[in-house]
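Enquirer: Any chance you could fold what I've pasted below:
(2 chains)
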Amino acid sequence: DVKVTQSSRYLVKRTGEKVFLECVQDMDHENMFWYRQDPGLGLRLIYFSYDVKMKEKGDIPEGYSVSREKKERFSLILESASTNQTSMYLCATGWRGLGSPLHFGNGTRLTVT
Amino acid sequence: GENVEQHPSTLSVQEGDSAVIKCTYSDSASNYFPWYKQELGKRPQLIIDIRSNVGEKKDQRIAVTLNKTAKHFSLHITETQPEDSAVYFCAPQGDYKLSFGAGTTVTVRA
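Expert: Coordinates of the predicted model:
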């Protein structure tokens, strides 16, 4: 069974802090994704990566960056956290190629005060 | 990115009745059409998917139908049960990016 692990379930950070959200998968999937989930807005894609050291912007990349130094790990970085980044963050993974379903982590509930 | 719309945004059904959720998309290159279910406090999970060379697929009480010409696909749940209460997302895929619909909250009334 695919395991996608997000490092924290809940995080509380202050405005202006640098925040790291980590995601690790054990299935050797090429593709990894970061989404944020807000009520009424569904899942919005922040960044994705289809290979080590590769990254692509999603629909809402502003205020975020990512890092993928190893295939199994995909990090989301908030350079300077702001209150409008309070959200649920979901990591997902999948095989390269079309028609591959996503496997999600449990999510990180981030609150920025 | 792809424009994805789900309707309705909320759906309340009596236990035992059927539920239908429709997803429309804009990218004619989309060729993979999954539905995800997210129960309260849990992660989204794939429940059924269909590829563009198939018009309909069924798995017990759930089914997905695809109309590529009209660019929409639908989730059908028959004989609804309380455990079907959840948020359902469609996520049509045409390339590496996956755009999700805003979700449909389904409530099954006992």
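
Enquirer: now stretch B:20-38: how far from the chain's centre is it?
Expert: The chain centre lies 7 Å from the centre of stretch B:20-38; the measure is Cα atoms, centre = their mean, to the nearest Å.

Enquirer: Tell me where chain B has strands.
Expert: B:4-7, B:10-14, B:19-25, B:32-38, B:45-51, B:56-59, B:62-67, B:72-77, B:86-90, B:104-109 (DSSP state E).

Enquirer: could I get those as CSV with distance to chain A and mean neighbour count?
Expert: Yep, even glycine has a C-beta here, placed from its N, CA and C like the rest. Listed next are these as CSV, based on distance: least, Cβ to the nearest Cβ, whole Å; neighbours: other Cβ atoms under 10 Å in any protein chain shown:
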stretch, distance to chain A, mean neighbour count
strand B:4-7, 8, 17
strand B:10-14, 10, 13
strand B:19-25, 11, 20
strand B:32-38, 4, 22
strand B:45-51, 4, 17
strand B:56-59, 13, 12
strand B:62-67, 13, 19
strand B:72-77, 14, 21
strand B:86-90, 6, 23
strand B:104-109, 10, 18
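
Enquirer: Next, format the ones you listed as a markdown table and append mean pLDDT.
Expert: Below are the strands of chain B laid out as a markdown table (pLDDT from 0 to 100):
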| stretch | mean pLDDT |
| --- | --- |
| strand B:4-7 | 95 |
| strand B:10-14 | 98 |
| strand B:19-25 | 97 |
| strand B:32-38 | 96 |
| strand B:45-51 | 95 |
| strand B:56-59 | 96 |
| strand B:62-67 | 97 |
| strand B:72-77 | 97 |
| strand B:86-90 | 97 |
| strand B:104-109 | 97 |
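
Enquirer: can you redo those as a markdown table with distance to residue A:8?
Expert: Below are these laid out as a markdown table (distance: least, Cβ to Cβ, whole Å):
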| stretch | distance to residue A:8 |
| --- | --- |
| strand B:4-7 | 29 |
| strand B:10-14 | 31 |
| strand B:19-25 | 32 |
| strand B:32-38 | 20 |
| strand B:45-51 | 21 |
| strand B:56-59 | 34 |
| strand B:62-67 | 33 |
| strand B:72-77 | 32 |
| strand B:86-90 | 23 |
| strand B:104-109 | 27 |
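
Enquirer: nearest to residue A:12, of these?
Expert: Smallest distance to residue A:12 across the strands of chain B (Cβ to Cβ): 23.5 Å, for strand B:32-38.

Enquirer: Other residues contacting that closest one?
Expert: A:98-102, B:21, B:23, B:44-52, B:62, B:64, B:66, B:73, B:75, B:86-94, B:100, B:103 (Cβ atoms under 8 Å, 6 or more residues apart in numbering or on different chains).
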